[in-house]
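Q: Need coordinates for the following:
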Amino acid sequence: MYHFFVDPGQIQGTQIFITGKDVNHIKNVLRMKIGEEIGIGNGMDEREFRCAIEAFEEDCIRCRLLFIKEADVELPVKVTLFQGLPKSDKMELIIQKAVELGVYEIVPVAMKRCVVKLDNKKEASKITRWQGIAEAAAKQSKRSVIPEIKPVMTMKEAVEYASSMEGKILPYELEEGMEGTKEFFASCKPGMHIGVFIGPEGGFDEGEVEYAREKGILPISLGKRILRTETAGFTVLAWMMYELEVRG
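A: Okay, the predicted model is just below:
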């Protein structure tokens, strides 16, 4: 079954209206017919609105609500990924796969060893593109919510943003031993908000790690092998998924 998102205002009682680019996709790409069922999310909570297509209008598709169910597809914890800005198009891959793995929101962070520098104009267009990728990935993986891509922050701003989160980790290649890592993941409980700091290609500056440590962010190891910036966040999310959804 295909899954789409609409703004909450497009859900009007038993009528739901699909607008924008999804209209052409449903009509001309998927070639769906009246009566076919689709799943719709409002991008804000875990409800799925199961609908049947009722009419194809000029600039929208009108659907009839069949029933509402709790989708139960979200991670039991909220994970904010603080991602050091990577080179080229790696951020697009990171966003796509992190959304598939259940991330709650993504904060691009301009760290000392980031090669990429974004001015205000470039940042605005990048955030718009990245948000579109997050929405597409949420549709594909049948998420209930669309993870938000936040504006770019400095490391100091990111650490401050994470200050109220119950769990905060920073995978660091110079951190030795896995005991702290195991203890952290074992301590994660449903309902927690967890911040994960991932460095760019060149890794964290030592001063950034010490600053983070002073602010209560736990440096951890992800094993004996050095992971790429686009791999480290996925590893954390997959481990979180295992601890909370498999081991329970």
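Q: And what about Pro76, helix, strand or coil?
A: Assigned by DSSP: H, G, I helix; E, B strand; the rest coil, the conformation of Pro76 is coil.
Q: Give the full set of residues in contact with it.
A: 190-191, 244-245 (Cβ atoms under 8 Å, 6 or more residues apart in numbering). For glycine as for every other residue, the C-beta is placed from the backbone atoms N, C-alpha and C.
Q: Which single one of those residues is nearest to Val73?
A: In terms of Cβ to Cβ, no member of these lies closer to Val73 than Glu245, at 10.3 Å.
Q: Give me the three-state assignment for the residue nearest to Cys51 when sequence neighbours are not counted.
A: Spatial nearest neighbour of Cys51, excluding adjacent residues (Cβ to Cβ, 6 or more residues apart in numbering): Cys63 at 3.8 Å. Following three-state DSSP, Cys63 is assigned to strand.
Q: Okay, and the beta partners of Cys63?
A: Taking DSSP bridges as the rule, Cys63 bridges to Ile16, Ile53.
Q: Pull the number of nearby residues for it.
A: Residues near Cys63, counting by other Cβ atoms under 10 Å, number 27.
Q: Quick one: residues contacting it.
A: Taking Cβ under 8 Å, 6+ apart as the test, what Cys63 contacts is 15-18, 38, 40, 51-54.
Q: what do you get for Ala137?
A: Counting by Cβ under 8 Å, 6+ apart, the residues that Ala137 touches are 95-97, 99-100, 143.
Q: try 7 Å this time
A: 95-96, 99-100 (Cβ atoms under 7 Å, 6 or more residues apart in numbering).
Q: which of those residues count as buried?
A: 95-96, 99 (16 or more other Cβ atoms under 10 Å).
Q: Out of these, which is nearest to Pro171?
A: Ile95 (18.2 Å).
Q: Return the residues in contact with that closest one.
A: Per Cβ under 7 Å, 6+ apart, neighbours of Ile95: 106, 130, 133-134, 137, 149.
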